[in-house]
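Trainee: sharing a sequence plus its predicted fold:
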Amino acid sequence: MTSTEDCAEPRRSRRRLRQPTGWLYAGIILALVALCGFLGVRGYDGGRDLSRQESFLAAARAGSEMLTTIDAAHLQDDVARIVASSTGLFLEDFQLRSEAFIDAVTRARSSTRGTVLEAGLERVSGDQADVLVTLVVTTSINGAEAQPRQWRMRIGVQQDGSTAKVSNVEFVP
């Protein structure tokens, strides 16, 4: 062998090591596709979670205003609205007590109006959430208006089909 042949052989083998093979490109492409898929699923799940949280907040806001906005002049409509927006034990309890509630509001000729000031998620678990709500309630009994009062409530919300409904109400000190 001559000295030029000895030098040519190592160059070829070095050249083969430097050039990436088709398998390396395929591996890189596969890793990028997997990463994009993972990030896409995470983004979709995050958007779905955010949408569900917004739905719980909206249901709690609407539910707390509905529960604190009652007018003796429109009592049957107000009660029907509460029943339609409720579920679970709260619905059952309200239906059991609705006659006494209607009687008390009618005799007092009362009117209340609730306005939500703030609402925030306290806990989310599957298709249920607890939302803390602060609202101002103005009451009028027999035409005499009382000072507005601030109430804090924990509204339990549960997904019922495609709608979130009030499932529990607690007053928070």
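Mentor: Arrived safely, thanks for sending. Values in this document were obtained by computation on a predicted structure and should not be read as measured data.
Trainee: average pLDDT for stretch 28-47?
Mentor: Taken as a whole, stretch 28-47 has a mean pLDDT of 71.
Trainee: swap that for stretch 108-123, please
Mentor: The average pLDDT within stretch 108-123 is 93.
Trainee: of all the residues in that stretch, which ones are buried?
Mentor: Using 16 or more other C-beta atoms under 10 Å as the burial criterion, the residues of stretch 108-123 that qualify are Ser110, Ser111, Thr112, Arg113, Gly114, Val116, Ala119. For every residue, glycine as well, the C-beta is placed using N, CA and C.
Trainee: and the residues you listed, which two are the farthest apart?
Mentor: Maximum pairwise distance among these (C-beta to C-beta): 24.9 Å, between Ser110 and Ala119.
Trainee: look up phi and psi at Val172.
Mentor: phi -110, psi 130 (degrees, to the nearest 10).
Trainee: can you give me the helices in this protein?
Mentor: For the chain, the helices defined by DSSP state H cover 3-18, 22-68, 75-84, 88-108.
Trainee: Lys165 is nearest to which of those helices?
Mentor: Set against Lys165 and scored by C-beta to C-beta, the helices of the chain come closest in helix 22-68, at 6.5 Å.
Trainee: and the angle for that closest one with helix 75-84?
Mentor: Put simply, helix 22-68 runs at 150 degrees to helix 75-84, going by axes from the mean of the first three to the mean of the last three C-alpha atoms, to 10 degrees.
Trainee: what helices or strands is helix 22-68 leaning on?
Mentor: helix 75-84, strand 110-125, strand 128-141, strand 149-160, strand 163-171 (3 or more C-beta pairs under 8 Å, 6 or more residues apart in numbering; DSSP states H and E).
Trainee: reformat the ones you listed as a markdown table; add distance to Ser64.
Mentor: Formatted as a markdown table, the helices and strands packed on helix 22-68 follow (distance: least, C-beta to C-beta, whole Å):
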| stretch | distance to Ser64 |
| --- | --- |
| helix 75-84 | 11 |
| strand 110-125 | 6 |
| strand 128-141 | 4 |
| strand 149-160 | 6 |
| strand 163-171 | 8 |
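Trainee: out of these, which is closest to Asp103?
Mentor: With C-beta to C-beta as the measure, helix 75-84 is the member of the helices and strands packed on helix 22-68 nearest Asp103 (10.0 Å).
Trainee: for the closest one, name the packing helices and strands.
Mentor: helix 22-68, helix 88-108.
Trainee: tell me which residues in that helix are buried?
Mentor: For helix 75-84, burial by neighbour count (16+ other C-beta under 10 Å) applies to Leu75, Asp78, Val79, Arg81, Ile82.
Trainee: where does the prediction get shaky in this structure?
Mentor: Scanning the chain with the threshold set as pLDDT under 70 gives 1-20, 41-48.
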